[in-house]
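> Sequence first, then the predicted structure:
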Amino acid sequence: MKIGVLWRKFRNVEFQRKLTPDKVYDDAYDEAYHHYMAIKEAGFDSVLIEWKEDPLETYETIKKEKVDLIFNASSMKEVAFLEVFNIPYVGSGLDVVATDKRMRKDIVASHGLPTPKYVIAQNPQEIPSVDHLKFPLFAKPISGRGSAGIDEENIIYDKDKLPQVVSKITDKIGQAALIEEFIEGKEVTVGIIGYKHPQVLPLLEVGYNNVKTNTYEHKMFDNEIIKCPMEVSKEVEEKIKETALNIYKVLNAKDFARIDMILSKDNVPYFLELNTFAGLTMSSSKGEKHVHHGYMGYMAKAAGLTRGEFIRKIIESAIERYKLK
């Protein structure tokens with residue numbers, strides 16, 4: 001079987017470039033090369049395929065390379081392209097990829113699963129009333145990724161500061177701002193792989209060095225304090241895993257995803273976001289270029305998996321879904 005590793009320039013930093021174009025490093029190729037090597041270590045044939053603005057050019061390359069399955073699709077546009085051309089791919093479908101943070105929170109809440117209350121602001125001049133929300137609040141892009149546009153200013157203690165933060169998101173990034181209650185507690189992220197029989201990986205807690213939230217610089221330059229497995233009681237661990245697994249299922253995630261949560265001081269795991277294009281990178285092999293270490297990579301290592309074994313499990317989930325040989 002031949003796996004095509006799709007890669008696209010600036011895929012991880014496209015939103016942050018709008019704010020700090022001189023302070024971002026494009027690691028898209030390096031990340032894709034890491035996946036390419038992991039797939040080969042997993043026992044599959046593999047080829048790197050660069051995403052082109054002309055979808056027909058990308059399609060011709062996929063046909064020429066005789067690819068059976070695409071890995072590393074990383075945007076709604078890419079997923080839509082693969083579905084239109086009926087090309088099998090690893091990861092979640094348009095039913096979840098096309099949703100934003102608000103829609104995912106609404107689906108999760110409708111199933112009785114905990115998530116912070118929120119409002120949506122389209123611009124700084126028309127911010128809905130937040131009187132029913134408990135301060136402090138937290139504002140973020142409704143469809144952002146990679147912690148783009150996130151710094152400590154996004155934690156809002158004073159109602160008068162809201163327009164300034166909303167403007168940064170709506171005017172500079174070009175997205176609506178999701179304003180939700182800031183739950184104080186521990187940031188935990190839960191990786192899940194598989195579809196028919198999903199497997200929950202060891203929990204990961206994200207701690208901060210001299211900041212109060214996981215800013216873009218803090219995350220992308222590996223400045224976090226990583227605890228994996230997370231140190232919690234067995235009872236709380238099972239509650240977090242059960243909640244995350246329920247979220248994975250109700251949102252119909254496929255093959256792999258990462259669920260970000262806040263564990264409140266009274267041990268309630270609040271859903272923040274589902275990452276369908278979660279980072280899977282692990283430590284680079286000797287002679288390879290260093291890449292940003294993905295949270296799910298830490299989880300896989302804690303589960304005793306090599307990068308080849310980890311990637312193979314994810315690919316095998318897609319193979320089973322598509323009934324490929």
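Thanks, I have the structure now.

> any idea where the strands of the stretch 101-250 of the chain begin and end?
Shown for the stretch 101-250 of the chain, the strands assigned by DSSP state E, counting those that start in this stretch span residues 118-121, 137-141, 155-156, 177-181, 185-193, 199-200, 204-207, 225-227.

> Measure how buried S167 is and give me the count.
S167 is flanked by 15 other residues according to other C-beta atoms under 10 Å. For every residue, glycine as well, the C-beta is placed using N, CA and C.

> for the stretch 101-250 of the chain, what are the low-confidence residue spans?
Within the stretch 101-250 of the chain, the segments meeting pLDDT under 70 span 144-149, 209-223.

> which residues in it form helices?
With DSSP state H, counting those that start in this stretch, the ranges of helices along the stretch 101-250 of the chain come out as 101-110, 162-167, 216-220, 234-250.

> Is G279 located within a helix, as I assumed?
No - counting by DSSP: H, G, I helix; E, B strand; the rest coil, G279 falls outside a helix, being coil.

> Look at the residue lying closest to it once chain neighbours are set aside and report its pLDDT.
Nearest residue to G279 in three dimensions, chain neighbours excluded: G294, at 2.6 Å (C-beta to C-beta, 6 or more residues apart in numbering). In this model, G294 is scored at 91, pLDDT.

> Pull the contacting residues for G294.
A278, G279, L280, T281, M282 (C-beta atoms under 8 Å, 6 or more residues apart in numbering).

> Give me the neighbour count for the fourth one.
Applying other C-beta under 10 Å, we find 23 residues neighbouring T281.

> do the same with the first one
By the other C-beta under 10 Å criterion, the neighbourhood of A278 contains 22 residues.

> How about the second one?
By the measure other C-beta under 10 Å, the count of residues near G279 is 20.

> who touches R102 in this structure?
Y118, I120, I142, L178.

> Now the second one: closest residue in space, sequence neighbours ignored.
I take that to be I120. Nearest in space to I120, with sequence neighbours left out and distances taken as C-beta to C-beta, 6+ apart, is A176 at 5.4 Å.

> quick one: the one you found and I142 touch, right?
Yes - between A176 and I142 there is a contact under C-beta atoms under 8 Å: 4.5 Å.

> Quick check: neighbours shared by the two?
Residues touching both A176 and I142 (C-beta under 8 Å, 6+ apart) are I120.

> For A278, see how far away the nearest residue to S317 once chain neighbours are set aside is.
Computed as C-beta to C-beta, 6+ apart, the closest residue to S317 that is not its neighbour in sequence is D255, at 4.4 Å. To A278, D255 is 11 Å away according to C-beta to C-beta, to the nearest Å.

> Please apply the same query to H197.
Where A278 is concerned, H197 sits at a distance of 19 Å (C-beta to C-beta).

> Out of the helices of the stretch 101-250 of the chain, which gets nearest to E320?
helix 234-250 (16.4 Å; C-beta to C-beta).

> Contacts only, for the closest residue to L137 other than its chain neighbours.
Excluding the flanking residues, the one nearest L137 by C-beta to C-beta, 6+ apart is I156, at 4.4 Å. Residues near I156 by C-beta under 8 Å, 6+ apart: F135, P136, L137, F138, A139, L162, V165, I179, F182.

> ok, now A253?
A253 sits next to S92, V96, I192, L274, T276 when contact means C-beta under 8 Å, 6+ apart.

> Show me which of these is closest to L201.
I192 (6.9 Å).

> Look up which residues are beta-bridged to that closest one.
As for beta bridges, I192 partners with V200, A257 under DSSP bridges.

> so which strand or helix has D95?
Using DSSP states H and E, D95 maps to helix 94-97.

> do the same with H34
Element membership of H34 [criterion: DSSP H and E] is helix 28-41.

> Mind listing what's buried along that helix?
Residues 28-39, 41 are the ones in helix 28-41 that count as buried (16 or more other C-beta atoms under 10 Å).

> same question, stretch 123-136
So, applying 16+ other C-beta under 10 Å, buried residues of stretch 123-136: P124, I127, V130, L133.

> Could you pull up phi and psi at the second one?
What that stands for is I127. Dihedral angles of I127 (phi, psi; degrees, to the nearest 10) stand at phi -90, psi 120.

> The residue nearest the centre of the chain: what's it in contact with?
What sits nearest the mean C-alpha location of the chain, by C-alpha atoms, centre = their mean, is N275, with 2.8 Å. N275 sits next to R145, A257, R258, I259, D260 when contact means C-beta under 8 Å, 6+ apart.

> The third one contacts I193, doesn't it?
I take that to be R258. No - R258 lies out of contact with I193 (C-beta under 8 Å); the separation is 10.0 Å.

> quick one: least confident of the buried residues of helix 28-41?
Out of the buried residues of helix 28-41, that is A28, at 86.
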